[in-house]
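# need a 3D model of the sequence below.
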Amino acid sequence: MRPTDFAPVDLAGIRSKLGDPSPAAIAKITDHLDDNCLRFLAHSPFFCLATSDAAGNCDSSPRGDYPGFVRALDPRTLVIPDRLGNRLADSFHNILENPHVGMLCFVPGMSETLRVNGTAYVTDDPRLLGMLEQDHSVPQLATVVRTEQVYLHCGRALLRGGIWDAEMQDLAAEVPTSGQIWASMSGLDSDVGDEIDRAVTEGNRVLY
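Below you'll find the model as predicted:
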């Protein structure tokens, strides 16, 4: 079968299957972070950033650091420091073409996630970057997000996936190592993958 062999469904068809959202689900969507959402974000060490370019080509990028690394300047303004990465800058390229972004924020051990949608821009303003210093390192760039939709997403997906369950960590043993995956996707010899794995094991930073 080809992917085009499957019949698409329009919005009316989707709603006929799912029904309409409950009033409670709609009522919880706000345009700002209240005190509880701010506390959630202050304890979040990880989130995924969704962006797309002017043509609608999408990207989702993981971001992590110490809990609270995403700073709330006020209930509708978030700041994301740019930490050392692979320098592809996919998210930055997209934001310059299309400012709309989506954030999915996690707190370890908590099944609910915090969803934030809004518009963003990239800045190198030293007044702001100085506020984001971490371990004596000041970021060169930061992303400023103006919130438009904020809501707590129910924990069914994470509960079903058991993502925080200790026994789920055993799955990592069944997956190729990061070095093996990197070497395979790059068309390199497996020995290169072994070198990457050794570097990671020894605590060296490998940006790929």
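# tell me which other helices or strands the longest helix seen in the chain touches.
Taking DSSP state H as the criterion, the chain has its longest helix at helix 190-201. Here helix 190-201 touches helix 178-185, going by 3 or more CB pairs under 8 Å, 6 or more residues apart in numbering; DSSP states H and E. Where you see a C-beta, it was placed from the backbone N, CA and C, and this is true even at glycine.
# how about residues contacting the helix it packs on?
Contacts with helix 178-185, where a contact means CB atoms under 8 Å, 6 or more residues apart in numbering, come from 176, 188-190, 192-198, 200, 208.
# determine which two of those are furthest apart.
Asp189 and Val200 (17.7 Å; CB to CB).
# those two: which is more packed in?
Val200 (14 against 10; other CB atoms under 10 Å).
# show the pLDDT at the more buried one.
Looking at Val200, its pLDDT is 71.
# equivalent analysis for Asp170, please.
At Asp170, pLDDT is 91.
# quick revisit: can you flag the buried ones in the contacts of helix 178-185?
193, 196-197 (16 or more other CB atoms under 10 Å).
# grab the most central residue of the chain for me.
Geometric centre of the chain, nearest residue: Cys48, 0.4 Å, by CA atoms, centre = their mean.
# does that one touch Leu104 like I think?
Yes - with contact defined as CB atoms under 8 Å, Cys48 reaches Leu104; the gap is 4.7 Å.
# for the residue nearest to the centre of the chain, what are phi and psi?
With angles defined as degrees, to the nearest 10, Cys48 sits at phi -110, psi 140.
# next one: Ala12
phi -60, psi -40.
# identify the bridge partners of the residue nearest to the centre of the chain.
Beta-bridge partners recorded for Cys48 (DSSP bridges): Pro62, Leu104.
# tell me the spacing between it and Leu188.
Separation of Cys48 from Leu188 (CB to CB, to the nearest Å) stands at 28 Å.
# what comes up buried for stretch 95-104?
Buried residues in stretch 95-104 (16+ other CB under 10 Å): 95, 98, 101-104.
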